[in-house]
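*Asks:* coordinates only, sequence not included:
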């Protein structure tokens, strides 16, 4: 992949169809029953995954900040933002948008605070934590609006 990424500078072409690497690795894993380490470069399931808030923000702003090659170059459909206790607001907001939620800043702040607190305890799945945080923040907003209106 080093040659592929720096093809223009090194003036060397291998003919390797790099977009097939991930699929070939998956097939080999299936046939042998041996799987690459999750953090293995290029073919590991976490090769293009980002959990840390600063990484998530950087990847959302400009993927080349933390990825010298695109996931598509090796056949991985896309980078993924992993929600965890190290995730920041930008990653959380992006994940919520993927799920169809658009929150106002105040509500996002509450969801992020709740998510962070619950993720630190991590006694349940992170998706469940996300939805619980979302529901708690929405419920507070609903109550505040109801109390203010009536």
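*Replies:* Cool, got the structure. Because the structure is predicted, anything quoted here is derived from the model rather than measured. Numbers count the residues shown, from 1 in each chain.
*Asks:* how about the residue nearest the centre of the chain: what's its closest non-neighbour residue?
*Replies:* Nearest to the geometric centre of the chain sits residue 81, at 0.7 Å (Cα atoms, centre = their mean). Spatial nearest neighbour of residue 81, chain neighbours left out: residue 91 (4.7 Å); criterion: Cβ to Cβ, 6 or more residues apart in numbering. Placement of C-beta: from N, CA and C, glycine included.
*Asks:* quick one: residues contacting that neighbour.
*Replies:* Taking Cβ atoms under 8 Å, 6 or more residues apart in numbering, we find residue 91 in contact with 50, 51, 53, 56, 57, 60, 81, 83.
*Asks:* next: residue 60.
*Replies:* Contacts of residue 60 (Cβ under 8 Å, 6+ apart): 81, 90, 91, 94.
*Asks:* now residue 90
*Replies:* Shown in contact with residue 90 (Cβ under 8 Å, 6+ apart): 53, 56, 57, 60.
*Asks:* by neighbours, which of those wins?
*Replies:* Highest neighbour count within the contacts of residue 90, by other Cβ atoms under 10 Å: residue 56, with 26 neighbours.
*Asks:* any idea how far the residue nearest to that one when sequence neighbours are not counted lies from residue 29?
*Replies:* Distance criterion Cβ to Cβ, 6+ apart; nearest residue to residue 56, sequence neighbours excluded, is residue 91 at 3.4 Å. Residue 91 sits at a distance of 28 Å from residue 29 (criterion: Cβ to Cβ, to the nearest Å).
*Asks:* so residue 102, which of the three states?
*Replies:* Following DSSP: H, G, I helix; E, B strand; the rest coil, we place residue 102 in the coil state.
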